[in-house]
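Engineer: could you look at this predicted model? Sequence included:
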Amino acid sequence: DNAKQQPALSEVVLVKATEQYNSEHPDELSFSVGEELAIIEEAKDAGWYVAENGQGTRGLAPGTHLDMAPYHAQVRKDKSKKPATANDQNPALDDVKIVRARQAFDAQMQGQ
């Protein structure tokens, strides 16, 4: 099984094969030099990727046979985009939550 190591990228990334690869196992993808493959995700085995060829066939592909520069550029781009949270939009909310928590604690302590 091809469990993800990281979430799928925000965009499909096309990479070119730098070497021919003939699959050695049924779950691997064969490809020719210069063939474009869409990288779907990283496979659980380091250096391997779930890829799809132009005919829609998916399988594992070794990164050593692919020009992975476009993929790594997209990974860096995605990592630099931090998902926005309510507190990112208004950092003052952190202070409000602290004050309210302190007030609730104080009220609880007075009631004892």
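Structural biologist: Great, that's in hand.
Engineer: return the helix or strand in the chain with minimum mean pLDDT.
Structural biologist: Within the chain, no helix or strand scores below helix 86-89, which has a mean of 52 by mean pLDDT, DSSP states H and E.
Engineer: which is the next helix or strand following the longest strand seen in the chain?
Structural biologist: Longest strand of the chain, by residue count under DSSP state E: strand 36-42. Next along the chain after strand 36-42, taking DSSP states H and E as the criterion, comes strand 48-52.
Engineer: what about the helices in this structure?
Structural biologist: 69-80, 86-89, 92-110 (DSSP state H).
Engineer: where among those helices is average confidence lowest?
Structural biologist: Mean pLDDT is lowest for helix 86-89 among those, at a mean of 52.
Engineer: that older thread, partners of the longest strand of the chain in the sheet?
Structural biologist: Sheet pairing for strand 36-42, assigned by DSSP bridges, gives strand 13-16 (antiparallel), strand 48-52 (antiparallel).
Engineer: pick the most buried one from these.
Structural biologist: strand 48-52 (a mean of 22; mean count of other Cβ atoms under 10 Å). C-beta coordinates here come from the backbone N, C-alpha and C atoms, glycine included.
Engineer: got the contact list for that strand?
Structural biologist: Strand 48-52 is contacted from outside by 2, 15, 29, 31, 37-43, 58-63, 66, 68, 71, using Cβ atoms under 8 Å, 6 or more residues apart in numbering.
Engineer: generate a PyMOL selection restricted to the buried subset of those residues.
Structural biologist: Selection command for PyMOL covering only the buried members of the contacts of strand 48-52, criterion 16 or more other Cβ atoms under 10 Å:
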select buried, resi 2+15+29+31+37+38+39+40+41+42+43+59+60+61+62+63+66+68+71
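Engineer: who's in contact with Ser23?
Structural biologist: Ser23 neighbours (Cβ under 8 Å, 6+ apart): Leu29, Ser30, Gly59.
Engineer: okay if I get these as CSV plus pLDDT?
Structural biologist: Shown next, in CSV, are these (pLDDT from 0 to 100):
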residue, pLDDT
Leu29, 97
Ser30, 97
Gly59, 96
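Engineer: of the residues you listed, which is the nearest to Asn22?
Structural biologist: Nearest to Asn22 among these is Ser30, at 5.2 Å by Cβ to Cβ.
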